[in-house]
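**Q** structure for the following, please:
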Amino acid sequence: MNIARLDRRGTVRPILITGGCGFLGCNIAAELARRGRDVIAFDNLARAGAQEHAGWLTERFGDRISIIAADVREEAAVSAVVRSTAAVLHLAAQVAVTTSLDDPVEDFEVNARGTLNVLEAVRRHNPQAPVLFASTNKVYGRLFDDGAVGRSEQRYAPLDTNLSVGIDEAAALDFHSPYGCSKGTADQYVRDYARVFGLRTVVLRMSCIYGPRQFGTEDQGWIAHFLIRAIRGEPITIYGDGCQVRDALFVDDAVDAWLRALERADDVSGQAFNLGGGPANSASLREMIDLIARLRGRRPQLRFADWRPGDQPWYVSDVRAISRALDWRPRTPLPRGLAALDGWLTERFAPTAPASRLQEAQA
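**A** Numbers count the residues shown, from 1 in each chain. I've put the predicted structure just below:
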């Protein structure tokens, strides 16, 4: 894949990744650096693990990756860095529904205003740079009324059999939390800047991405969170009955999709794609617990609590559109990806490791 040809100025400029020290951002940055591309990781370093990721990137790739500690809410900082880049991968965000409920204003400022800052910087100072945006399946809201899904053994499923392939991009947007509203606003701004201003923008509506270098918490990165709790012998809290279903995509497959979208930005500009593991890589929370029990040889202890606002009883991505557009498909089966994540987390968070490291990562 020849990423270098993206630059139309005759020189090879770096690729900007906002949120470049987050879980997915640092994995994309590492792959670009491995392919010989310079990267700017623009990150406020506030999230758990971000500073560790920054150190890992610079130690491993040296001057190939530059770290800029700044926030997408800082309009001047965004404008300054956008001027010199070949492309913008916009992943910086407030990522938790629960946090958006606690502080809707900050959620809006980061996700909606921050994205508008990025788009305006590109429009004014670097309109040839493609912009890829990390959206979310939460833009579709809850999707189903209570009577539209049925429970079979350990999982929910839609009663409409036409949805067996998942939710496609034609599904109505129906924001169901401040987080859904802020990400949905950004999602639509990114698409509209292609239509109205001619920018080369692509929206990737992501489902659950998981894999090494993920510091999962109860609010975000649930698969890694479940594994961390299991590794440390701590109980896992299930909100609702645990039959809610999600599809999951291994991080290497997600990175592959992002870089294919970047290379083909001209062809897919203005489009939104669902990016997830699809039906073959879906599991309910209860089924995930069973997978973890088989993987680790011990069943984690469970606790149950009330459903959380906006929680979808079933969401599985229909990934046929992105597969056709990018000649891409998920290649890592869920059990194999889960084993890879377990191996990384066991080395990082096993009880024999200093407890302060885990406390620092989850602070």
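**Q** ok, Ala171 touching Gly141?
**A** No - using Cβ atoms under 8 Å as the test, Ala171 is too far from Gly141 to be in contact (9.1 Å). Every C-beta, even on glycine, is put in place using the N, C-alpha and C of the backbone.
**Q** what touches both of these two?
**A** Residues touching both Ala171 and Gly141 by Cβ atoms under 8 Å, 6 or more residues apart in numbering: none at all.
**Q** give the buried residues for the helix or strand containing Leu24.
**A** Secondary structure assigned from DSSP states H and E places Leu24 in helix 23-34. Residues 23-33 are the ones in helix 23-34 that count as buried (16 or more other Cβ atoms under 10 Å).
**Q** ranges for the strands of the stretch 251-363 of the chain?
**A** 271-275, 282-284, 302-305, 314-315 (DSSP state E, counting those that start in this stretch).
**Q** just checking: what are the partner strands of the last one?
**A** Strands flanking strand 314-315 in the sheet, each with its direction: strand 245-250 (parallel) (DSSP bridges).
**Q** who are the packing partners of the helix holding Leu24?
**A** Using 3 or more Cβ pairs under 8 Å, 6 or more residues apart in numbering; DSSP states H and E as the contact test, the elements touching helix 23-34 are strand 15-18, strand 39-43, helix 50-61, helix 251-263.
**Q** switch the cut-off to 10 Å
**A** Helix 23-34 sits against strand 15-18, strand 39-43, helix 50-61, strand 65-69, strand 87-90, strand 131-136, strand 208-210, helix 251-263, with contacts defined as 3 or more Cβ pairs under 10 Å, 6 or more residues apart in numbering; DSSP states H and E.
**Q** closest one to Ser182 among the ones you listed?
**A** strand 131-136 (10.0 Å; Cβ to Cβ).
**Q** keeping just the C-alphas, turn the closest one into PDB.
**A** Extracted C-alpha coordinates of strand 131-136, given in PDB (Å, rounded to 0.1, in the frame of the first residue of the first chain):
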ATOM      1  CA  VAL A 131      -9.800  13.700   6.800                       C
ATOM      2  CA  LEU A 132     -10.800  10.300   8.300                       C
ATOM      3  CA  PHE A 133     -13.100  10.500  11.300                       C
ATOM      4  CA  ALA A 134     -13.600   8.000  14.100                       C
ATOM      5  CA  SER A 135     -17.400   7.900  14.600                       C
ATOM      6  CA  THR A 136     -19.300   5.300  16.600                       C
END
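**Q** give me the distance from it to the chain's centre.
**A** 9 Å (Cα atoms, centre = their mean, to the nearest Å).
**Q** could you do stretch 87-95 as well?
**A** Distance, centroid of stretch 87-95 to centroid of chain: 9 Å (Cα atoms, centre = their mean).
**Q** what do you get for stretch 135-146?
**A** Computed by Cα atoms, centre = their mean, the chain-centroid distance of stretch 135-146 equals 16 Å.
**Q** with stretch 216-224 instead?
**A** 12 Å.
**Q** and that stretch, which residues are buried?
**A** Buried-residue list, stretch 216-224, by 16+ other Cβ under 10 Å: 216-218, 220-224.
**Q** what is the end-to-end distance of that stretch?
**A** Start-to-end span of stretch 216-224 (Cα to Cα, to the nearest Å) is 5 Å.
**Q** from now on call the first residue 113
**A** I'll keep to 113 as the first residue from here, and by that count the last item is stretch 328-336.
**Q** could I get the average pLDDT for that stretch?
**A** With pLDDT averaged residue by residue, stretch 328-336 scores 89.
**Q** can you say which helix or strand has the closest residue in space to Phe245 that isn't next to it in sequence in it?
**A** Nearest in space to Phe245, with sequence neighbours left out and distances taken as Cβ to Cβ, 6 or more residues apart in numbering, is Val302 at 4.3 Å. Per DSSP H and E: Val302 is located in helix 290-309.
**Q** what about that helix, average pLDDT?
**A** Mean predicted confidence for helix 290-309 is 96.
**Q** His165 is in contact with Ile129, isn't it?
**A** No - His165 lies out of contact with Ile129 (Cβ atoms under 10 Å); the separation is 11.4 Å.
**Q** which of these two has more residues huddled nearby?
**A** Neighbour count, other Cβ atoms under 10 Å: between His165 and Ile129, Ile129 has more, with 29 against 25.
**Q** do I have it right that the more buried one meets Phe154?
**A** Yes - counting by Cβ under 10 Å, Ile129 does reach Phe154; the two are 6.8 Å apart.
**Q** could you name every residue contacting both of those two?
**A** Common neighbours of Ile129 and Phe154, counting by Cβ atoms under 10 Å, 6 or more residues apart in numbering, are 137, 197, 200-204.
**Q** out of the helices and strands packed on helix 135-146, the one nearest Thr349 is which?
**A** Among the helices and strands packed on helix 135-146, strand 320-322 sits nearest to Thr349 (Cβ to Cβ), with 17.4 Å.
**Q** now the end-to-end length of stretch 151-165.
**A** 14 Å.
**Q** for that stretch, what is the distance to the chain centroid?
**A** Distance, centroid of stretch 151-165 to centroid of chain: 15 Å (Cα atoms, centre = their mean).
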